[in-house]
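[1] sharing a sequence plus its predicted fold:
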Amino acid sequence: ALLREILFKAKRYHEDKEAGKNPGFDMKLEAMEPVIKGEIPLKCHAHRCDDILTSIRIAREFGVGITLDHCTDGAVIADELAKEGLPAFVGPSLGSKTKVELVNKSFTTPKVLHEAGVPFSIITDAPVIPLQYLPMCAGLAGNAGLDYAEAWRAITINPANQTGIGDRVGSLEAGKDGDVVIWTADPLTTIGGEAYTTIVEGKVVYQA
């Protein structure tokens, strides 16, 4: 009800502005305008499948874009999510199941989503899990059955594409920013692998 209410008000606020009715300034509704206009997606932070599906229905109802953040129960409804084609940002999967919503938390979720055809990325929800453990999370997903090439994509080109900056970063291609890290060992398979060389925009900014 709260989500529907703010979207309803934001849509009406935007329509009034477009019609030249000059509604009274509202900071919250101003912040929601890029969502209503389709410039940025609604970020659905939900663990349980019923909450995920409800968010999808509400987004469809108001004609706004949406991403599925956490998506802990994604494996339970993978086929339904595949039909929607919405990006899922899976995590944080590292750590204990601290609340009932996390009962299905598992590193097998990325594998199930991939096999169902759901576009996904792996996240740490930093600072819940510190960002430096992102390669470990991808490696654990690989250990749980996800193809290792897909595990790498889940923390590189997939999130780049799903956040709208895949034309600049996320893969090594001519014309992109040229941001590269060379490791002492594969960080997805080896504990203790460290950055040996870091290159930003084609220039070395760190050398071990």
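    That came through, no problem. Residues are numbered from 1 along each chain as shown.

[2] in this structure C71 contacts L86, no?
    No - using Cβ atoms under 8 Å as the test, C71 is too far from L86 to be in contact (9.4 Å). Where you see a C-beta, it was placed from the backbone N, CA and C, and this is true even at glycine.

[3] who's more crowded, those two?
    Neighbours around C71 and L86, counted as other Cβ atoms under 10 Å, are more numerous at C71. The numbers are 30 against 22.

[4] and the pLDDT for the nearest residue to the more buried one once chain neighbours are set aside?
    Nearest in space to C71, with sequence neighbours left out and distances taken as Cβ to Cβ, 6 or more residues apart in numbering, is A88 at 4.2 Å. Each residue has a pLDDT score; the one for A88 is 97.

[5] what distance do you get for A88 to S96?
    In this structure, A88 and S96 are 22 Å apart, going by Cβ to Cβ, to the nearest Å.

[6] quick one, what contacts F62?
    Contact analysis of F62 by Cβ atoms under 8 Å, 6 or more residues apart in numbering lists R4, L7, F8, K11, I36.

[7] E115: what's its closest spatial neighbour, skipping adjacent residues?
    Here the residue nearest E115, using Cβ to Cβ, 6+ apart, is A78, at 7.7 Å.

[8] touching, the one you found and K111? I think so.
    No - counting by Cβ under 8 Å, no contact exists between A78 and K111, whose distance comes to 10.0 Å.

[9] need the overlap of contacts for those two.
    With contacts taken as Cβ under 8 Å, 6+ apart, not a single residue reaches both A78 and K111.

[10] in which helix or strand does K111 reside?
    helix 109-116 (DSSP states H and E).

[11] show me what that helix is packed against.
    For helix 109-116, the elements it packs on are helix 78-84, strand 88-90, strand 120-122, helix 134-143, helix 148-153, judged by 3 or more Cβ pairs under 8 Å, 6 or more residues apart in numbering; DSSP states H and E.

[12] contact partners of it?
    Counting contacts by Cβ under 8 Å, 6+ apart, the residues outside helix 109-116 that touch it are 71-72, 74-75, 78-79, 81-82, 88, 90, 93, 120, 122, 141, 144-147, 150-151, 154.

[13] helices of this structure, start to end?
    Taking DSSP state H as the criterion, the chain carries its helices at 2-18, 27-36, 49-62, 78-84, 109-116, 134-143, 148-153, 157-162.

[14] any chance of CSV for those, columns distance to K176 and mean pLDDT?
    Below are the helices of the chain laid out as CSV (distance: least, Cβ to Cβ, whole Å; pLDDT from 0 to 100):
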stretch, distance to K176, mean pLDDT
helix 2-18, 35, 96
helix 27-36, 26, 97
helix 49-62, 31, 97
helix 78-84, 29, 97
helix 109-116, 24, 98
helix 134-143, 20, 97
helix 148-153, 15, 97
helix 157-162, 9, 97
